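Structure for the following, please:
(one chain, ligands or ions: 1)
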Amino acid sequence: MDETMSGNSGAQPATHPVEGLRRYQLHIDGASVAPEEGRYFASEDPYTGRDWALIPRASGADVDRAVRAARRAFESGAWPALTASQRGALLRRLAELIREHAPRLAEIERRDNGKLAAEVQTQVAYLSDYFHYYAGLADKVQGSVIPSDKPGVLAYTRHEAKGVVAIITPWNSPLTLTSWKLAPALAAGCTVVIKPSEFTSASMLEFAELFVLAGFPPGVVNVVTGFGAEVGAPLVEHPDVAHVGFTGGEAAGQKIYEAAARGLKTVTLELGGKSPNIVFDDADLDRALLGVVSGIFAAAGQTCQAGSRLLVQRGIHDAFVARLVEFVRDIRLGDPADPATHIGPIATPAQFDKVLSYIAVAKAEGARCVAGGRARPDIGSGRFVEPTIFVDVDNRMRIAQEEVFGPVLSVIAFDDEEHAVRIANDVQFGLAAGVWTASLQRALYVTERVKAGTVWVNNYRATSYTSPFGGFKRSGIGRESGVDAIQEYLETKCVWLSPGLDVSNPFIRR
Ligand code: NAD
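All right, here's what the predicted structure looks like:
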């Protein structure tokens, strides 16, 4: 058995020996199964740089097995026989199990992507509330009776589950970004095949066990692990997949969208961002400072909603930047398991190289680095980047236009509301924006004009299962979370009910 990877590119987890590592299996049709080709690859702890687990390297044959299981579960057996309320009850049981197992799952995620223990614990525990919310929504999906112009005929709508949903997710918040799709998909009555990131698959394989414990029928939730081209692509292309829910980078998002279009499948895409955090001169600057810092440096900037462009009003620009630089000096880089750490490692080698290359690009473009700007090879695995701030940034520079996905802030001065909005919107992305002001008028001016799926006023990074999240422009398609997200997983059927009268006959139609 080939127990290591072969054919790696630099962007994939590296080949390593297998001694003493925890070995995971695929989750298909309610059981743990080995990948057909018997291959595994190592998962690495980004802080220590050491491998800790073996992840199955699935192939197209495993994808086919998983999708067939999901289709069977969708069409026959216990799942389609459940009422929506019974589905809700199962989801509630799962939500309780998540609460119980959250500390263990959070520990696995920290190990896999190097996020701070404090942050990942809160994130994973919150998923329980997420599933409770969609458990409650399962039996509140209602059709409507349509006032008909055909006498004697009743027209009404039913909302029916689309079928098998493919869920493909990145490494930055594995269980959270999966649950954003999984909870509404299951509440809608779909069955799913999940393809987690090759860098962070272990937590999802453990999570799958909770569905067995909760009593979900086999095949409703399946997990296939491996690489984008080997597992993600055949999953999207599989003829029995009806909808694809994806979070990740634009390049993969485009390929998935193209493949889904060939199969005439629907998609939900949550892609990148270059979100502006706009600070006006009348803002509570203490609060704004914290919002700006957490907006860009939380999770080492490895979040799609990172406030990576600070737009600050010219009159307060120098003083605010000086405070920011002072604040950043005290930020501690280190072991994500240590509660005293503020910023952990960069999750993957490719991402580390990408962040450093953008720092070089910014310098070459003429932006001035006033904080950080260097790697820290002396900490842990050495995959650390200092919190970095660039001033004298022109919004046309690459550092202001492209997603870095790291702890790098670009500061741009603006004159007034109109100027701020113009800069804010002058990017291809439209995921989120922050506005800091004491003026309701200014806040409304910006919230109405900024092209972004989420706008935070005097706060940053708030998200909830209750509220829609998604992108304008190249940041994505569709919305996750909130009541409307369940519609992504439903088809609308119109029923014309006619007791005896054939209205399709042109001779009797009125
Ligand atoms: P990615 O987009 O390459 O991968 C995300 C997921 O898609 C992974 O599970 C991957 O295996 C899968 N995938 C890749 N190619 C595929 C294909 N052709 N068909 C089907 N599935 C495919 O993201 P990444 O490698 O994790 O990170 C790359 C960049 O994406 C990062 O540098 C970052 O800028 C961005 N990113 C964005 C987000 C976000 O939340 N918007 C999250 C993580 C990464």
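
Please compute how far stretch 395-405 lies from its chain's middle.
21 Å (Cα atoms, centre = their mean, to the nearest Å).

Residue 235 is in contact with residue 241, isn't it?
Yes. Assessed by Cβ atoms under 8 Å, residue 235 is found in contact with residue 241 at 6.6 Å. Quick note: C-beta positions are derived from backbone N, CA and C, even for glycine.

Residue numbers of the stretch 151-300 of the chain in contact with the ligand?
Applying Cβ under 6 Å from any ligand atom, we find that the stretch 151-300 of the chain lies next to the ligand at 168-172, 195, 197-198, 227-229, 232-233, 236, 247-249, 252, 255-256, 270-272.

so the spatially most central residue of the chain is in which element?
In the chain, the C-alpha nearest the mean C-alpha coordinate belongs to residue 177, at 3.7 Å (Cα atoms, centre = their mean). Using DSSP states H and E, the element containing residue 177 is helix 174-188.

That helix - what's its average pLDDT?
Averaged across helix 174-188, pLDDT comes to 98.

Just give the nearest non-adjacent residue to residue 486, would you?
residue 184 (4.4 Å; Cβ to Cβ, 6 or more residues apart in numbering).

residues contacting the one you found?
Taking Cβ atoms under 8 Å, 6 or more residues apart in numbering, we find residue 184 in contact with 134, 137, 480, 485, 486, 488, 489.

and those as JSON lines, adding pLDDT, secondary structure and neighbour count?
Shown next, in JSON lines, are the contacts of residue 184 (pLDDT from 0 to 100; DSSP: H, G, I helix; E, B strand; the rest coil; neighbours: other Cβ atoms under 10 Å):
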{"residue": "134", "pLDDT": "98", "secondary structure": "helix", "neighbour count": "26"}
{"residue": "137", "pLDDT": "98", "secondary structure": "helix", "neighbour count": "21"}
{"residue": "480", "pLDDT": "98", "secondary structure": "strand", "neighbour count": "25"}
{"residue": "485", "pLDDT": "97", "secondary structure": "helix", "neighbour count": "27"}
{"residue": "486", "pLDDT": "98", "secondary structure": "helix", "neighbour count": "22"}
{"residue": "488", "pLDDT": "97", "secondary structure": "helix", "neighbour count": "23"}
{"residue": "489", "pLDDT": "98", "secondary structure": "helix", "neighbour count": "27"}
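
Including distance to residue 329, could those residues go into TSV?
Listed next are the contacts of residue 184 as TSV, based on distance: Cβ to Cβ, whole Å:
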residue	distance to residue 329
134	43
137	46
480	37
485	41
486	46
488	44
489	47
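
Output those residues as a markdown table; include the columns distance to the ligand.
Listed next are the contacts of residue 184 as a markdown table, based on distance: Cβ to the nearest ligand atom, whole Å:
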| residue | distance to the ligand |
| --- | --- |
| 134 | 21 |
| 137 | 24 |
| 480 | 11 |
| 485 | 16 |
| 486 | 21 |
| 488 | 17 |
| 489 | 19 |
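
the more surrounded of residue 235 and residue 241?
residue 235 (29 against 24; other Cβ atoms under 10 Å).

Packing partners of the helix or strand where the more buried one lies?
Assigned by DSSP H and E, residue 235 belongs to helix 233-237. If you count contacts as 3 or more Cβ pairs under 8 Å, 6 or more residues apart in numbering; DSSP states H and E, helix 233-237 packs onto helix 60-75, strand 164-168, helix 250-262.

Outline the domain layout of the protein.
22-271, 276-457 (automatic domain parsing).

Skipping adjacent residues, who's closest to residue 157 in space?
Closest to residue 157 by Cβ to Cβ, 6+ apart is residue 143, at 3.8 Å.

which stretches of this protein have low pLDDT?
Applying pLDDT under 70 to the chain flags residues 1-19, 501-510.

And the helices in it, which stretches?
60-75, 78-81, 84-113, 117-137, 174-188, 202-214, 233-237, 250-262, 285-297, 314-329, 349-365, 398-401, 417-425, 440-449 (DSSP state H).

Let me know which of the ones you listed is tucked in deepest.
helix 174-188 (a mean of 27; mean count of other Cβ atoms under 10 Å).

what sits up against the helix holding residue 235?
60, 63-64, 66-67, 166, 168, 193, 195, 224, 241, 244, 255-256, 259-260, 262-263, 265.

okay if I get the helices of the chain as TSV plus distance to residue 161?
Compiled in TSV, the helices of the chain are given as follows (distance: least, Cβ to Cβ, whole Å):
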stretch	distance to residue 161
helix 60-75	7
helix 78-81	8
helix 84-113	10
helix 117-137	13
helix 174-188	5
helix 202-214	17
helix 233-237	18
helix 250-262	18
helix 285-297	37
helix 314-329	48
helix 349-365	36
helix 398-401	40
helix 417-425	37
helix 440-449	35
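
Point out the one among the ones you listed that comes closest to residue 372.
Nearest to residue 372 among the helices of the chain is helix 314-329; the distance by Cβ to Cβ comes to 7.0 Å.
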